[in-house]
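Engineer: mind folding the following:
(chains A, B, C and D)
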Number of protein chains: 2
Amino acid sequence: MNNVKKILIADDEPDILEILQFNLETEGFEVFIAKNGNEAIEAAKKHLPDLIILDVMMPYKNGIEVCNLLRLQPAFKETLIVFLSALSDEITEVKGLETGADDYLTKPISPKILITKINALFRRLNKKVSTIIQLGDLEIDREKYIIRNKGDEIVLARKEFELLSLLAGKPGKVFLRQEILNQIWGTEVIVGDRTIDVHIRKIRQKLNLDCISTVKGVGYKFEL
Amino acid sequence: MNNVKKILIADDEPDILEILQFNLETEGFEVFIAKNGNEAIEAAKKHLPDLIILDVMMPYKNGIEVCNLLRLQPAFKETLIVFLSALSDEITEVKGLETGADDYLTKPISPKILITKINALFRRLNKKVSTIIQLGDLEIDREKYIIRNKGDEIVLARKEFELLSLLAGKPGKVFLRQEILNQIWGTEVIVGDRTIDVHIRKIRQKLNLDCISTVKGVGYKFEL
DNA sequence: TTATTGCTTAACAATTTGATAATACAAATT
DNA sequence: AATTTGTATTATCAAATTGTTAAGCAATAA
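Structural biologist: This next block holds a predicted model:
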């Protein structure tokens, strides 16, 4: 999820494929292409793209059929799917959205608009995903303010939660004390260094899990 | 929601206003018009339209500003907002969609396309708004403003209802006090923090059900 | 108008959280 | 080994947050 996004484009018009591929690759995406519905499904299974752009009118299987088939499989439950179609064929649009597409684009579309829309979709996805952090037996739900260790719910006070959440957000990274102070307490409040220790201790105690290690003279980091 | 749909059109070009108004009225909508951003906001508050069509380029306040301002108020959270702009001004489109518009149309637009798009939007809206929330023994009917616990009807005052409805809309999610204030009271009214507590208390009391929990220093959440 | 209901606030109680000091401990350095 | 430096632990107190009640308006209905 942190590397290059993969995009699969399925369209039966070679020109469109080429234009889109060029523009998306220029933008830094990894692009795969398919010339019809069957190829699209095959390619999707093979490459597990983050986003699939489906032309609605295609030989063998049209875009809506492809979308339906893919959505049946767990692997593609979360994949972004966008339809592409000539003119705003209203009926198709409705069907497309019912099918579980994430967006619907009409041809002709300027590459620039396409790219901004795609970026917007990824941004939206990231927001949804980023609320829960999963690390081994540990689960941090930022939206629900809940921490679970092997399913057991653990109650942390606010600062404790924020601190753990910060550290766990980048496992392995050593957070300097100063960094922690800035992130959790802000630059306006001034608290002593011992305060951090105390909170760290409480977290360790409550979690009863050896996951925060001290880097003497530097700071703390979360691991495993 | 079951009667004639009200549509507000805001555009500084009289010709456009007239054409759109004529076509939409012919189609059976009730139409209001505004010639600039300020008028649009005023008219929106007065008529509470189901759909607002905003020209992007307008005197005093442009469409995006208008949209932003309206979206801040609870009354317009669900209102459909559509932008209208000369040619596909890409940058504007991106901003518009980020602002929380429901669609984006480019001039010139044929009345027929406009109407089909509008109908599509209303159709989609009707589907989205599931008026009844079921959670265990609890049943919340947003349309009828009724709450039932094991079939027994419970009468909540409006704010109480809205508050419960908000929390129950995303069980488990912690709603920050600020979030609650924005959603229920809007950004214009300013009420004290204790107000929320009191309403929460009344809900707990009336429901006689342990379903709203406090997350100290953060907010409240609904669960089970 | 009067009565009723709902919304907001003030005041105070109860609770929880956060910060610090004091002390103990551990590792590195001299 | 003694010293220094840095962290862990614990207990305590202060501060922040929320719960509760009562009371005053405002809006609405009778």
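
Engineer: can you list the residues of chain A near DNA strand D?
Structural biologist: A:Asp193, A:Arg194, A:Asp197, A:Val198, A:Ile200, A:Arg201, A:Arg204, A:Thr214, A:Lys216, A:Gly217, A:Val218 (CB under 7 Å from any atom of the strand). No exception for glycine: its C-beta is placed from N, CA and C like everyone else's.

Engineer: domains of chain A?
Structural biologist: Using automatic domain parsing, the domain parsing of chain A gives A:6-129, A:132-222.

Engineer: which parts of chain A are strands?
Structural biologist: A:6-10, A:30-34, A:51-55, A:80-86, A:103-107, A:132-135, A:138-141, A:146-149, A:152-154, A:174-176, A:212-215, A:219-222 (DSSP state E).

Engineer: can you show me the helices along chain A?
Structural biologist: A:14-26, A:37-47, A:63-71, A:90-99, A:111-129, A:158-169, A:177-180, A:193-207 (DSSP state H).

Engineer: and the first one with strand A:6-10, angle?
Structural biologist: What separates the directions of helix A:14-26 and strand A:6-10 is an angle of 170 degrees, with axes from the mean of the first three to the mean of the last three CA atoms, to 10 degrees.

Engineer: if I pick the residue of chain A found nearest chain B, what's in contact with it?
Structural biologist: Taking CB to the nearest CB, chain B has its nearest neighbour within chain A at A:Arg158, 4.0 Å off. Under the criterion of CB atoms under 8 Å, 6 or more residues apart in numbering or on different chains, the contact list for A:Arg158 reads B:Val215, B:Lys216, B:Gly217, B:Val218.

Engineer: so what's A:Arg142 closest to, chain neighbours aside?
Structural biologist: A:Thr131 (5.0 Å; CB to CB, 6 or more residues apart in numbering or on different chains).

Engineer: for A:Ile33, list each beta-bridge partner.
Structural biologist: Counting by DSSP bridges, A:Ile33 is bridged to A:Ile9.

Engineer: neighbours around it, how many?
Structural biologist: 18 (other CB atoms under 10 Å in any protein chain shown).

Engineer: contacts only, for it.
Structural biologist: A:Ile33 touches A:Leu8, A:Ile9, A:Ala10, A:Asp11, A:Leu17, A:Gln21, A:Ala43, counting by CB under 8 Å, 6+ apart.

Engineer: any idea how far the last one lies from A:Ile115?
Structural biologist: This means A:Ala43. 21 Å (CB to CB, to the nearest Å).

Engineer: the third one too?
Structural biologist: Using CB to CB, one gets 18 Å for the distance from A:Ala10 to A:Ile115.

Engineer: between these two, which one's more packed in?
Structural biologist: Between A:Ala10 and A:Ile115, counting by other CB under 10 Å, A:Ala10 is the more crowded of the two (26 against 18).
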